[in-house]
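Novice: what would the 3D arrangement of this be:
(2 chains)
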Amino acid sequence: ETAVFQTPNYHVTQVGNEVSFNCKQTLGHDTMYWYKQDSKKLLKIMFSYNNKQLIVNETVPRRFSPQSSDKAHLNLRIKSVEPEDSAVYLCASSSDWGEQYFGPGTRLTVL
Amino acid sequence: GQQVQQSPTSLVLQEGENAELQCNFSTSLNSMQWFYQRPGGSLISVFYNPSGTKQSGRLTSTTVIKERRSSLHISSSQITDSGTYLCAMERDMGYKLTFGTGTSLLVDP
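Specialist: Numbering: from 1, shown residues only, chains lettered A, B, ... in the order given. Okay, the predicted model is just below:
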């Protein structure tokens, strides 16, 4: 099956903890993305990588750090979570700047 | 200001009615994409439409890049069409999508 896969589906944690989300795509794409969807359902870009190189970093707090081991994987680490980090984190991939395909998302709840 | 404006914000239809969703862009764009999302569900790409008209079953998308607008037409709506429809644009190979706030569609039996 070719698609975008994310783990975990859900994660509940407390303020100050570190969390890590994984994303893998089997579509053979060169570009991967992380988006954040807040409680009002608004989607905003966080990062994009092209061939393991960071291309876009949209004024994301420094506690967020993307990690790309190869062009099929793009993970997201949050060093010390805060309540406003509660959201759904969506990973996507595309062939260069073409059509984007999204994973199922990881819902983070920070208590 | 909001670069991608969608209308209407919400829409209620009786099953079988048609719907027209609009998306307007305040800046020039290279391409745009329509997505469908169920509550708690993932984003499903409905159309990738740099320009022109595309049809898939009961859905038709028309994008006019020069006029910075796109529309999504749903004909003979079904209950299963209920959900949120999002449009997004990409500017000049910018490696990111800018999303609108979505249209929430409810189709009643």
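Novice: give me the contacts around the helix-or-strand element of chain A with minimal mean pLDDT.
Specialist: Lowest on mean pLDDT, DSSP states H and E among the helices and strands of chain A sits strand A:53-57, with a mean of 86. Residues outside strand A:53-57 that contact it (CB atoms under 8 Å, 6 or more residues apart in numbering or on different chains): A:31, A:33, A:45, A:46, A:47, A:48, A:49, A:66, B:94, B:95, B:96. No exception for glycine: its C-beta is placed from N, CA and C like everyone else's.
Novice: what do you get for stretch B:68-79?
Specialist: B:13-29, B:32, B:34, B:46-47, B:49, B:58-64, B:81, B:85, B:87, B:105, B:107-109.
Novice: one more: stretch B:30-50?
Specialist: Applying CB under 8 Å, 6+ apart, the external contacts of stretch B:30-50 come out as A:41, A:43, A:90, A:92, A:97-105, B:23, B:25, B:54, B:56, B:59, B:61-63, B:65, B:70, B:72, B:82-94, B:97, B:102.
Novice: now the buried members of the residues you listed.
Specialist: A:43, A:90, A:92, A:97-105, B:23, B:25, B:54, B:59, B:61-63, B:65, B:70, B:72, B:82-91, B:94, B:97, B:102 (16 or more other CB atoms under 10 Å in any protein chain shown).
Novice: let's see which of those end up in helices.
Specialist: Secondary structure from DSSP state H places none of those in helices.
Novice: which of those fall within strands?
Specialist: A:43, A:90, A:92, A:101-102, B:23, B:25, B:54, B:59, B:61-63, B:70, B:72, B:83-90 (DSSP state E).
Novice: now the most centrally placed residue in chain A: which helix or strand?
Specialist: Among the residues of chain A, the one closest to the centroid is residue A:34, at 3.4 Å (CA atoms, centre = their mean). If you go by DSSP states H and E, residue A:34 is part of strand A:31-37.
Novice: pLDDT weak spots in chain A?
Specialist: A:1 (pLDDT under 70).
Novice: what does it put close to chain B?
Specialist: A:31, A:33, A:35, A:40-45, A:48, A:50, A:55-56, A:58, A:90, A:92, A:96-105 (CB under 8 Å from any CB of the partner chain).
Novice: is it correct that residue B:96 is in contact with residue B:90?
Specialist: Yes - counting by CB atoms under 8 Å, residue B:96 does reach residue B:90; the two are 7.0 Å apart.
Novice: for the nearest residue to residue B:109 once chain neighbours are set aside, the count of nearby residues, please.
Specialist: Excluding the flanking residues, the one nearest residue B:109 by CB to CB, 6 or more residues apart in numbering or on different chains is residue B:15, at 5.4 Å. Neighbourhood size, residue B:15 [other CB atoms under 10 Å in any protein chain shown]: 13.
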